[in-house]
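Colleague: Okay, sequence plus prediction incoming.
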Amino acid sequence: MDNLSNLSEVAQPSARLIDFGRNFPPPSPLVRTALQESFSYLAKTNVAEAIRFPRFTGTAQDREAGANWLARRLEQTLDPDRIMLANGTQSILAMLLAYYVKPGGVLLTEALTYPAIKPLSHLFRVKLYGISIDGEGIEPESLDRACNKFKGKARALYCMPTLHNPTSAIMTETRRQEIAKIARRHNLSIFEDDIYGVLPQSAPPPLSAYAPERSWYISGLSKSLACQLRIAYVAGPSLSTTQRVFWPGVRTTNWMVAPLIAEIATHWLTTGLASKIIDSVRLETKSRRNIAEEAFGMPFDIDPASYHLWIKLPDHLSLSDFVEASKQRGVVVGAGNAFAVGSSLGNTRVRIGLGVATDHDQLRNGLSMIGKLIRA
């Protein structure tokens, strides 16, 4: 860490940290306007009665709005009764792990994956096994080998084929078809996390579209519209299956969304506010990506809609030293090994989330510091 310690721009203890460790969409001025408009709209309605009781699966209007939202990616409008509302992806995954994988079972996932899946699997006493990945995600041969290795115990695959976290990879349509065939052959359930999938202007259909009879398609609003709107939607393989998986825990767990959040989300989806906000998020992402390319002196070969970067450190830099040196200088980054499942792929990488910084000046200052550390 000698080279790193030579830099003089060390933040004072009272300095506010610039947070690149979390991953949320960049702030859009439309969000504040939309929230103000929503509160004004709700004040004119009987909102006290509307949010008086838990919604469990949501109202008919909530589910219809969710079905129409998912149709942006699925290219068809599902039966709204197949849609469940939840307070986030983790709540949905908790219900699916409990029903399908169960203690002693194996959950397959990418060798780099959403970090929260690790403590969640531990909570349910589920073994997590990482599948090898390449430039577009899961390698089919590796998935097939893992299914044979854990025959009878590998019960589900959790994956993020579109704007994968942390690499931003987008799986091709051909690859998705291959993965779907393997899942059918091994009777594997698919938990598809498409939380970023609506952001690209163009992307292949979800993996779930190629194996709908065994897929749980998950999408939401906090990673595409605004972090203030923590709500997720999940579409099950059928109405009966959806009810069977979610209804047993409806009064004993807290996976359901808060009624007020559901009211606002449905209002945004049905009035067209959501579409306008997505356009503004894409535009702001483009501006922030330009700032990042200037700071690092190179373009990033990933979809322009991705607001997180997967940065390789020079060979002479230790990941732990780099993360600590960044923090000492007032910058938080996402350590690559936090995403790894039985893999060393994250040992020389950091994830940079461009969305949390409050403005361009803060973003530029933080990225400049990281660039200096890398070049030190």
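Modeller: Received it, and whenever you're ready, just let me know what you need. Numbering: from 1, shown residues only.
Colleague: In this structure, what helix or strand scores lowest on average pLDDT?
Modeller: helix 2-5 (a mean of 54; mean pLDDT, DSSP states H and E).
Colleague: After that helix, which helix or strand is next?
Modeller: Along the chain past helix 2-5, the next helix or strand (assigned with DSSP states H and E) turns out to be strand 18-19.
Colleague: Tell me the confidence at residue 99?
Modeller: Turning to residue 99, the model gives it a pLDDT of 94.
Colleague: What sits closest to it if chain neighbours are left out?
Modeller: residue 245 (4.7 Å; C-beta to C-beta, 6 or more residues apart in numbering). (Each C-beta comes from the backbone N, C-alpha and C, glycine too.)
Colleague: Which residues belonging to the host helix or strand of the one you found are considered buried?
Modeller: Using DSSP H and E, residue 245 falls within helix 239-246. Residues of helix 239-246 classed as buried: 242-243, 245-246 (neighbour count, 16 or more other C-beta atoms under 10 Å).
Colleague: Go ahead and name everything in contact with the helix or strand that that helix is followed by.
Modeller: The helix or strand immediately downstream of helix 239-246 is helix 259-271, counting by DSSP H and E. Residues from elsewhere that reach helix 259-271 (C-beta atoms under 8 Å, 6 or more residues apart in numbering): 34-35, 38, 41-42, 47, 50-55, 58-59, 61-62, 65-66, 68-69, 85, 87, 221, 225, 229-231, 257, 273-274, 277.
Colleague: Mind listing what's buried along helix 259-271?
Modeller: 259, 261-269.
Colleague: Please save the CA atoms from that helix in CSV.
Modeller: Provided in CSV are the C-alpha atoms of helix 259-271 (Å, rounded to 0.1, in the frame of the first residue of the first chain):
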residue,chain,number,x,y,z
PRO,A,259,-50.0,0.1,0.8
LEU,A,260,-48.9,3.7,0.4
ILE,A,261,-46.0,2.7,-1.9
ALA,A,262,-48.3,0.5,-3.9
GLU,A,263,-50.7,3.4,-4.4
ILE,A,264,-47.9,5.7,-5.7
ALA,A,265,-46.4,3.0,-7.9
THR,A,266,-49.7,2.1,-9.5
HIS,A,267,-50.3,5.9,-10.1
TRP,A,268,-47.0,6.3,-11.8
LEU,A,269,-47.5,3.2,-14.0
THR,A,270,-51.0,4.0,-15.1
THR,A,271,-50.5,7.7,-15.8
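Colleague: what's the distance between it and the middle of its chain?
Modeller: How far helix 259-271 lies from its chain's middle: 20 Å, per C-alpha atoms, centre = their mean, to the nearest Å.
Colleague: got the end-to-end distance for stretch 128-135?
Modeller: From its first residue to its last, stretch 128-135 covers 22 Å (C-alpha to C-alpha, to the nearest Å).
Colleague: now do stretch 138-157
Modeller: Stretch 138-157 has its terminal residues 11 Å apart, counting by C-alpha to C-alpha.
Colleague: For it, give the mean pLDDT please.
Modeller: 97.
Colleague: go on, stretch 42-49?
Modeller: 85.
Colleague: Show me what counts as buried in the helix ranked longest in the chain.
Modeller: The residue-count maximum for a helix in the chain (DSSP state H) belongs to helix 273-296. Under the neighbour-count criterion of 16+ other C-beta under 10 Å, helix 273-296 has 273-274, 276-278, 280-282, 284-285, 288-289, 291-292, 295-296 buried.
Colleague: before we move on, what about stretch 90-100?
Modeller: Of all the residues in stretch 90-100, those buried under the rule 16+ other C-beta under 10 Å are 91-100.
Colleague: so can I have a markdown table of the residues you listed showing distance to residue 346 and secondary structure?
Modeller: Below are the buried residues of stretch 90-100 laid out as a markdown table (distance: C-beta to C-beta, whole Å; DSSP: H, G, I helix; E, B strand; the rest coil):
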| residue | distance to residue 346 | secondary structure |
| --- | --- | --- |
| 91 | 26 | helix |
| 92 | 25 | helix |
| 93 | 21 | helix |
| 94 | 24 | helix |
| 95 | 28 | helix |
| 96 | 25 | helix |
| 97 | 23 | helix |
| 98 | 28 | helix |
| 99 | 30 | helix |
| 100 | 27 | helix |
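Colleague: would you turn those into a markdown table with distance to residue 150?
Modeller: Output for the buried residues of stretch 90-100, formatted as a markdown table (distance: C-beta to C-beta, whole Å):
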| residue | distance to residue 150 |
| --- | --- |
| 91 | 26 |
| 92 | 23 |
| 93 | 19 |
| 94 | 21 |
| 95 | 22 |
| 96 | 18 |
| 97 | 16 |
| 98 | 19 |
| 99 | 18 |
| 100 | 14 |
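Colleague: List just the nearest of the residues you listed to residue 182.
Modeller: When the buried residues of stretch 90-100 are compared for distance to residue 182 (C-beta to C-beta), residue 100 wins out at 16.9 Å.
Colleague: Surely that closest one touches residue 188?
Modeller: No: with contacts counted by C-beta atoms under 8 Å, residue 100 stays clear of residue 188, the gap being 9.7 Å.
Colleague: quick one: the longest helix of the chain to chain centroid distance?
Modeller: On C-alpha atoms, centre = their mean, the centre of helix 273-296 falls 17 Å from that of its chain.
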